[in-house]
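Undergrad: Whatever this is, show me its structure:
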Amino acid sequence: MPPSSHSRIAALAAATVTVVGLSTATPAVAAPPTPPGVSTAWRNGAFQLDRHAVVSRANVVLGGPNLANTESLPVGNGSLGAAVWAAGGFTAQLNRVDTFPDRKSPGQVTIPGLAKLVNAPDFAAHLDLYDGVLTETGGGLTARVYVRADTDQLVVDVTGADPNAVQTAQGFLWSGRSPQAQASGSIGTLAETWVDGPPAGGGKTFGSLLALTAGGRDVTSSVVDAQKVQVSFKPNADGAFRVVVGSPKWTGGDAAKTAKKLLNNAASTGDADKAHLKWWHDFWAKADPMRIESSDGSGQYLEALRTIYLYQEASLNRGAYPGTQAGVANLFSFSQDRQDWVPADYWFWNLRMQIAANLSSGVPDLNTAFFDLYTSNLSAIEAWTKAKVPGSAGACVPETMRFDGTGYYTGANPEENASCDALVAPTYNSLTYTTGAEVSLWLWQAYQHNGDTAFLLKGYPLMKSAARFLLSIAKVGPDGLLHSTSNAHETQWNVTDPVTNVAAMQALFPVVASAAEALHTDADFARQLRTAATKVPPLPRTDAATHSQVLTPADDAAGQDVIAYSTQPAAPLNNGENLDLEPSYAYGLIGDDSGPLTALAKRSYDARRFRIAAEWNYDGLSAARLGLASEVKTNLVETTKKYQVFPSGMGNLFGSAGANPYNEETGIVAANLNEALVQDYDGLLRIAPAWPSDWNVDGTVSVRHNSKVDVQVRAGVPVTVVLEAGDNAPVKVRNPWPGQSIKVVDADTGRTVVAPTTAGQITVNTTCGHKYLIEKSDAPFTALPFAAVTGTAATSAKHFGPVKIGLDKPVLANSLAETFNNVAVTADDNTGPGNIDGGGASMSATALANVGVTAGGQVSHGGLTFTWPSQSGSGTPDNTVANSQSIVLGGSGDTLGFLVTAAYGTAGGTGTVVYTDGTTQEFTLTSPDWFGGSGDVAFQAAYQNRQGNTTYQGIADVYFVSVPLQAGKTTSRVRLPAGSAAATAGTPSLHVFAMARG
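TA: Predicted coordinates:
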């Protein structure tokens with residue numbers, strides 16, 4: 001990299017910077033007229049925003065019961081979490097942050113007596129984000145559900161019950177678990193311990209404890225069987241009762257004694273939610289709010305996801321360990337002990353958006369568990385590095401780091417895909433060497449925000465060790481520069497000068513030197529790092545057209561090159577990461593004002609290989625750093641539409657309602673919105689640098705020096721800009737209205753601290769606690785009409801294209817045919833209406849007839865007889881894309897059968913049968929792809945149809961799925977699994993053609 005660029009990097013990393021404003025001779029640009037009706041929320045020395053009202057806009061509203069576990073809603077306190085849904089009246093799965101290595105659940109809890117509430121015609125529910133409480137009403141009953149913020153207890157407070165009807169609550173585990181079940185007085189417990197043994201484990205004991213009790217009359221506990229305990233009771237005379245489930249950290253001991261101490265009259269204490277509500281209200285008082293409006297609804301929807309994210313983080317990450325790893329929101333898991341990926345390992349790539357969002361949203365304390373995970377494990381990380389990367393020094397932080405600081409992965413041979421392990425064959429993370437740099441850079445960013453020397457002292461040893469490691473693997477080449485060979489993250493393996501290494505060294509070396517200087521330590525090492533920073537090679541280049549040529553910075557002038565993944569650009573790609581964007585985000589080396597490097601980065605953005613390829617994609621954050629406002633919106637909207645699949649607002653990496661909810665997509669939303677509105681990653685405060693012009697916003701973002709910036713933007717133009725200073729420090733600010741005259745007024749004293757200037761950049765010398773109004777000289781926002789920022793609590797589910805937050809009020813269909821919403825079968829001479837896959841494909845009516853399946857005809861399979869849709873082949877809808885439709889279920893027989901298929905892979909989920917007595921039964925309804933799979937094939941067509949009355953010579957399968965019904969009960973209705981709102985290309989969808997009883 002040219003020396004001038006090295007100088008820039010060093011300057012960005014410096015702890016203090018002397019800033020001189022640009023010349024006031026810059027030609028003035030005429031100010032655009034203020035849009036009519038524009039107002040300011042600044043009045044009486046404060047940004048007037050009703051936090052309760054704005055947060056409540058994002059409440060998750062259920063118009064109907066969330067009967068499927070994939071529709072569960074999250075509650076938690078950072079150590080204990082629960083997924084709550086309405087199956088059987090009430091079901092909750094408890095999860096803890098410390099049940100390693102498999103993150104086993106302490107168990108599930110059911111309250112059958114709440115079936116009356118759930119199945120009532122007037123059922124309604126909402127998750128109140130401001131209070132951290134899920135409230136359900138129906139049939140005269142009300143249930144308030146929350147995990148106490150002050151202790152590890154799940155509380156269910158119920159009013160309106162029949163005082164004389166016996167109620168029960170059960171806690172249970174499942175096959176594969178071997179708890180000790182006990183009952184003592186009013187408390188039942190399930191306790192289990194296990195050892196984290198070899199080959200990966202260190203022999204430490206972990207475990208889980210579920211303690212169940214109730215508040216009411218005549219409370220007794222009992223052991224139902226080896227995996228289930230129960231409490232029985234009558235409500236109080238006023239019809240109120242409380243169920244409390246405790247689950248503390250557990251490594252063995254006296255379960256009954258521990259449970260009694262934890263619960264300690266919690267079931268009868270009237271104000272159990274007092275401390276809980278105070279914690280949540282205090283949390284929202286410090287979190288940075290944001291209200292967004294747009295005509296297409298995208299702004300409001302993304303605002304809701306950002307608010308939901310902050311609720312999620314406060315519920316996930318306040319414990320000894322983060323409650324999320326590999327993108328999975330583990331504390332909100334609902335699939336018993338099933339966890340995606342390796343539940344013992346933390347994947348930093350899938351955590352960094354959360355660290356960024358928490359920092360810029362004013363809740364940096366939620367990063368404590370993340371940072372402690374790495375700083376507290378430094379000695380173990382260094383020991384692992386010494387053993388697994390021979391010849392190196394310092395710390396290679398494993399990308400998929402186990403909770404104990406080692407790089408083991410999983411399976412019979414946990415070193416086969418181990419991280420930071422040069423002794424195994426190159427694989428995804430064996431030679432990924434830059435995670436330590438990333439963690440260190442975020443530690444430095446956090447220090448820039450908090451200015452806390454004690455915090456930096458705690459983080460510095462890791463930062464120093466990460467820098468020592470990068471120095472140790474880099475070798476001086478014939479050109480005098482430091483070269484290295486390792487992975488380009490997970491995408492290219494064992495390549496020369498991977499872009500991640502180059503970017504990490506360029507960014508980290510000056511930062512660690514600055515940290516050492518700030519702490520007045522390691523002067524020789526700091527000088528060594530600053531010298532090394534001048535010898536880091538430039539970012540690798542390749543051609544935009546083929547991504548295969550080896551190019552150099554000399555090729556920048558031609559404008560056809562882009563950043564390469566390594567100096568071996570043609571090396572195989574093993575993952576879909578846009579590593580050419582990493583120098584912009586998250587390494588902060590290239591911004592929207594970096595001259596030729598900005599042009600290079602923008603070309604790289606335009607030529608990037610993977611677009612909307614994962615819910616963790618950082619493309620929108622890179623777009624924000626490069627000032628590409630429209631791309632910020634495009635990335636956020638498209639990623640949300642593709643990956644946000646749960647009504648809780650959470651997503652799934654695979655774009656379907658799979659086994660686990662993921663919170664990394666909401667983290668991307670939050671981090672991206674903050675970056676688009678305010679940036680100061682390099683010490684320069686930028687206002688609305690990439691805010692989409694069709695989103696109006698009122699919001700606050702936290703920045704360096706414990707400061708906050710309040711911003712209102714209308715039609716792409718900043719209206720209100722207030723810097724709330726949290727320290728005595730000079731703050732560099734880029735002119736929010738380029739070319740126009742601005743001034744800065746100290747709102748606390750009325751003094752003008754920056755005289756009118758058209759400079760592109762100014763310096764505001766701030767005093768802690770003061771607020772600084774950054775205004776247009778000739779049109780100060782303080783002259784605008786006043787209007788506080790407020791909002792109305794959500795009252796219904798939110799919809800945006802194919803996705804939604806919450807559930808709509810169910811419409812009960814009299815038959816499956818009433819719900820048909822897709823054309824899967826077409827005539828060979830009229831294929832136009834067909835669209836089973838979102839891409840215009842369909843089954844052939846003729847090919848189906850050739851195997852005896854005709855419109856309105858009978859199909860027998862598995863002992864049941866079905867009526868094939870009479871609409872089949874007519875060009876009108878002939879099947880239902882399953883998405884929680886409720887259908888009257890009459891008839892007789894003990895088996896319910898379905899004829900189904902799926903497009904774009906296996907699809908399906910959990911459906912629900914509702915019986916006339918109010919009880920429910922969950923069932924699994926899934927199907928392999930229509931191109932063929934391992935299911936029970938009811939029939940198979942020999943070919944398929946395509947647009948333009950053409951055919952495709954591939955089979956088309958329809959599958960049979962049966963569900964046993966409960967004997968002696970009468971069915972009322974069936975609800976199909978939650979899924980896609982429509983057949984969408986690239987997204988799995990379940991198609992239901994017929995159902996029958998027998």
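
Undergrad: In this protein, where is pLDDT below threshold?
TA: 1-36, 657 (pLDDT under 70).

Undergrad: Quick check, central residue of this structure?
TA: Central residue of the chain (CA atoms, centre = their mean): residue 663, 2.0 Å from the mean position.

Undergrad: what separates it from residue 479, distance-wise?
TA: Per CB to CB, to the nearest Å, residue 663 is found 45 Å from residue 479. To be clear about C-beta, it is placed using only N, CA and C from the backbone, and glycine gets the same treatment.

Undergrad: what do you get for residue 629?
TA: For residue 629, the distance to residue 479 equals 39 Å [CB to CB].

Undergrad: From the neighbour counts alone, determine which of those two ranks first.
TA: Shown here are residue 629 and residue 479; by other CB atoms under 10 Å, residue 629 has more neighbours (20 against 9).

Undergrad: Can you tell me the closest non-neighbouring residue to that one?
TA: Sequence neighbours aside, residue 690 is the residue nearest to residue 629 in space, at 4.5 Å (criterion: CB to CB, 6 or more residues apart in numbering).

Undergrad: tally of neighbours for that neighbour?
TA: Count around residue 690 with other CB under 10 Å applied: 24.

Undergrad: Run a quick check on it versus residue 674, I expect a contact.
TA: No. With contacts counted by CB atoms under 8 Å, residue 690 stays clear of residue 674, the gap being 11.0 Å.

Undergrad: Helix, strand, or coil at residue 295?
TA: coil (DSSP: H, G, I helix; E, B strand; the rest coil).

Undergrad: Surely it is in contact with residue 696?
TA: No. When contacts are counted by CB under 8 Å, residue 295 is not listed as touching residue 696 (9.6 Å).

Undergrad: Report the spatially closest residue to the residue nearest to the centre of the chain, excluding sequence-adjacent ones.
TA: residue 329 (4.1 Å).

Undergrad: Could you check how far the one you found is from residue 617?
TA: From residue 329 to residue 617 the distance is 18 Å (CB to CB).

Undergrad: For the two, indicate the residue with more neighbours.
TA: The residue with more neighbours, out of residue 329 and residue 617, is residue 329; 30 against 26, by other CB under 10 Å.

Undergrad: My guess is the more buried one contacts residue 666. True?
TA: No. In this structure residue 329 lies outside contact range of residue 666 using CB under 8 Å: 9.0 Å.

Undergrad: overlap in contacts of the two?
TA: 312, 650 (CB atoms under 8 Å, 6 or more residues apart in numbering).

Undergrad: returning to that earlier point: could you tell me which residues make contact with the residue nearest to the centre of the chain?
TA: 309, 312, 313, 316, 324, 327, 328, 329, 332, 354, 650, 651.

Undergrad: So which of the residues you listed sit within helices?
TA: Among those, the ones falling in helices (DSSP state H) are 309, 312, 313, 316, 354.

Undergrad: For the residue lying closest to residue 297 once chain neighbours are set aside, list the residues it contacts.
TA: Excluding its sequence neighbours, the residue lying closest to residue 297 (CB to CB, 6+ apart) is residue 800, at 5.7 Å. By CB under 8 Å, 6+ apart, residue 800 lies in contact with 297, 298, 301, 640, 641.

Undergrad: The second one: neighbouring residues, count only.
TA: Neighbouring residues of residue 298 were enumerated by other CB under 10 Å; the total is 20.

Undergrad: what does the third one give?
TA: Residues contacting residue 301 under the criterion other CB under 10 Å number 27.

Undergrad: No further questions, thank you.
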